[in-house]
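In: For reference, the sequence and a predicted model appear below.
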Amino acid sequence: MLGALPLNGSVAVSVLAIWRGCFRRISAPTSGRMEIKPRWEPGPGILVTNATIGQGRWTVQAKATVEAKCPSCGAGSTRRHSAYVRRLQDLPVQATPVELHVGVTRWRCCNKLCPRQTFVDRTDHVFLPHARQTCRVAELARSIGYVAGGRPTERLMRRLGLPQGDDRILRNLKRHAASSNKPLRVVGIDDWSWLKGSRFGTIIVDLERREVVDVLHDRSATSVAAWLERHPTIEIVSRDRCGLYAQAARQGAASARQVADRFHLIQNLRLAIEQQLSYNYRSVGSAHTLGAPPQDERSALREHRQMVRIGRRSVRLEQFRKVKALHQSGLNLSRIVDETGLGWRTVATWVTVDVLPERRLMDPRSTNPARFQDFLARLWDAGCKNGRKLLIEVRKQGYTGSFSHLERLLSKWRHTTSTPAAPVEKPDTHHVPAVTAIPSVPPIAASILCMKPRAQLTQREAAKVDSLKESLPNFAVMRRLAMRFRGILRGHDATKLDGWLKDARETGLYGIRRFVHILQRDIDAVRNAVSETWSNGQTEGQINRLKTLKRSMYGRAGTELLRARMLPLRV
């Protein structure tokens, strides 16, 4: 109704009566019936005296009617010092801005022992000291800014008749960001990336209440340990396999139990299986190379390749140690790349691991006959040594390369035998022996299948698992260990862990033994992961939320703003 009035001074005389009549405030019932207040007030202790409209806004005159009491000593006063007017932004009337002019009085404190000489009428439930808006406007801007951010909230508030700058909105949001004062018992700690592979921060989550309690600027044992020392009530710390957080928990919360994240344990086992499968694929490929050279030449060639492999690994190990030393000295990734000459991705990977990772074998493409070497070797063993016949059969298995590329592989097999190469004949598909091809599965896909329970496998995946068990004996051993490990984690029986570690160590598989060695270094946290129900899943979910907020602000938000938007909104 007020928004329908013309925006000029002709109606200013009767505005106060209209204001009091239109804005009747209904309060809660006290004696079985609704109580209606005939006068609009911004809040208790504020009396409206006049209202005018002009220049596209309402101006409401009011005065403070609170009792004059010193906020320091509580003594009343009747000695007036001075008076002035507070100009505050208030809620709009039908999208028309409202400015509240409140007259307040400054009083002299009559208590001579009080350190405060003067004080002002305090109406903290309506507006705060030095504020330029009422508490309800600040609360509204804070609620919208918490969800939408600075610029979107600025645009929306302008449409609502509450024009505010984005800096003002964000200052209001950051000023009132505070974590809960309730004591913490179970927390989850994990890192998140400011810049991928370069700078990291730390997020701490209350796993019992499922809410963020703090966001730290860096990822260091010192800062996390200092934070844990400020919260002595923490009993359980759930973390990933990062050694920094384990060290921080030992320093800042020595009495707390550390729990390793079960997802990362499963992931580490899968990586160990993938590494071992890479070794197996290498040995299987060399075993299917028919027409091998004599025993003495084969031994000399194997010894030469082994020496070359050891030499290359020694060089990589020395580079790895140098990268770790530079990182521990405080250099960032860019400086380490300049110092070592290594690739950025290599350095980013090495600074996050404790042991030099093994090289992965790339799965051959469909244009490479080495991908179908097992199938070709079976045909060759069965007597089919004609290149054209082999090309026809291998194309049925998905080979898309050329005949010359296939011939380069077959020529090595022919020249290593004592019999001369057979002449090229016309293809005769009627006399080609029947050979069942083993599906080619790269190590990473095979490791995923190895970790997947039988009930979750599709029919095609189950066929691949059965084929891998037949072609790779170690695959069956690793799958049995993987299923047992999953069962131990789900069964919450830590007594079975020692038996599993012993059986895994006795397999003699390098990748599995290395995984066991890494578990032994953090065995207490691993045992707690089996026996406790807590995990870092909630922390990972909060990290996804943090990444979403960071990207919605185009990566320009600092730690303080991210913390204000990640902590629960206290209204």
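Out: Ah, there it is.
In: Keeping just the C-alphas, turn the helix or strand containing Leu390 into PDB.
Out: Leu390 belongs to helix 387-396 when assigned by DSSP states H and E. Taking C-alpha atoms only, helix 387-396 is exported to PDB below (Å, rounded to 0.1, in the frame of the first residue of the first chain):
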ATOM      1  CA  GLY A 387      51.600 -64.200 -42.200                       C
ATOM      2  CA  ARG A 388      48.500 -63.700 -44.400                       C
ATOM      3  CA  LYS A 389      46.600 -66.400 -42.500                       C
ATOM      4  CA  LEU A 390      47.700 -64.900 -39.200                       C
ATOM      5  CA  LEU A 391      46.600 -61.500 -40.300                       C
ATOM      6  CA  ILE A 392      43.100 -62.700 -41.100                       C
ATOM      7  CA  GLU A 393      42.700 -64.400 -37.800                       C
ATOM      8  CA  VAL A 394      44.200 -61.600 -35.700                       C
ATOM      9  CA  ARG A 395      41.900 -59.000 -37.400                       C
ATOM     10  CA  LYS A 396      38.900 -61.000 -36.000                       C
END
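In: All the strands of the stretch 1-150 of the chain, in order from the start?
Out: For the stretch 1-150 of the chain, applying DSSP state E, counting those that start in this stretch gives strands covering 25-27, 35-37, 46-54, 57-64, 80-93, 96-108, 118-120.
In: Tell me the buried residues in the fifth one?
Out: Right, strand 80-93. 86, 88-93 (16 or more other C-beta atoms under 10 Å). Quick note: C-beta positions are derived from backbone N, CA and C, even for glycine.
In: and that strand, what does it pack onto?
Out: Under the contact criterion of 3 or more C-beta pairs under 8 Å, 6 or more residues apart in numbering; DSSP states H and E, strand 80-93 touches strand 96-108, helix 135-148.
In: tell me the average confidence for it?
Out: Averaged across strand 80-93, pLDDT comes to 92.
In: angle of that strand against helix 135-148?
Out: If you take axes from the mean of the first three to the mean of the last three C-alpha atoms, to 10 degrees, strand 80-93 sits at 50 degrees to helix 135-148.
In: Off-centre distance for strand 80-93?
Out: Taking the mean of its C-alpha atoms, strand 80-93 sits 46 Å from the chain's own mean (C-alpha atoms, centre = their mean, to the nearest Å).
In: cool, the third one as well?
Out: Relative to the mean C-alpha coordinate of its chain, strand 46-54 is positioned 52 Å out (C-alpha atoms, centre = their mean).
In: then it to CSV, C-alphas only?
Out: Extracted in CSV, the C-alpha atoms of strand 46-54 (Å, rounded to 0.1, in the frame of the first residue of the first chain):
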residue,chain,number,x,y,z
ILE,A,46,12.6,2.3,19.6
LEU,A,47,9.7,4.7,19.2
VAL,A,48,8.7,5.9,15.7
THR,A,49,7.9,9.6,15.7
ASN,A,50,7.6,10.5,12.0
ALA,A,51,7.9,9.1,8.5
THR,A,52,8.5,10.9,5.2
ILE,A,53,9.1,9.8,1.6
GLY,A,54,11.3,11.5,-0.9
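In: Which positions in it come out as buried?
Out: Going by neighbour count (16+ other C-beta under 10 Å), the buried part of strand 46-54 is 46, 48, 51, 53.
In: From Leu128, how far out is the closest residue to the second one other than its chain neighbours?
Out: The one in question is Val48. In this structure, Val48 finds its nearest non-sequential neighbour in Ala62, 4.8 Å apart by C-beta to C-beta, 6 or more residues apart in numbering. Computed as C-beta to C-beta, to the nearest Å, the Ala62 to Leu128 distance reads 16 Å.
In: Show me which of those two is the more surrounded one.
Out: Using other C-beta atoms under 10 Å, the more surrounded residue of Ala62 and Leu128 is Ala62, with 24 against 14.
In: Wait, that one touches Val98, no?
Out: No: with contact defined as C-beta atoms under 8 Å, Ala62 and Val98 do not form a contacting pair (11.3 Å).
In: still on that earlier bit, ok, the buried residues of strand 46-54 vs Pro357, which is closest?
Out: Ile46 (67.8 Å; C-beta to C-beta).
In: can you tell me which residues contact the closest one?
Out: Contact analysis of Ile46 by C-beta atoms under 8 Å, 6 or more residues apart in numbering lists 62-65, 102, 123, 126.
In: State the pLDDT value of it.
Out: 89.
In: Around the residue nearest to Arg454 when sequence neighbours are not counted, how many other residues sit close by?
Out: Distances taken as C-beta to C-beta, 6+ apart place Ala462 nearest to Arg454, at 7.0 Å, with adjacent residues excluded. Other residues near Ala462 come to 14 when the count uses other C-beta under 10 Å.
In: Tell me the secondary structure of Ala462, please.
Out: Secondary structure, DSSP: H, G, I helix; E, B strand; the rest coil: Ala462 is helix.
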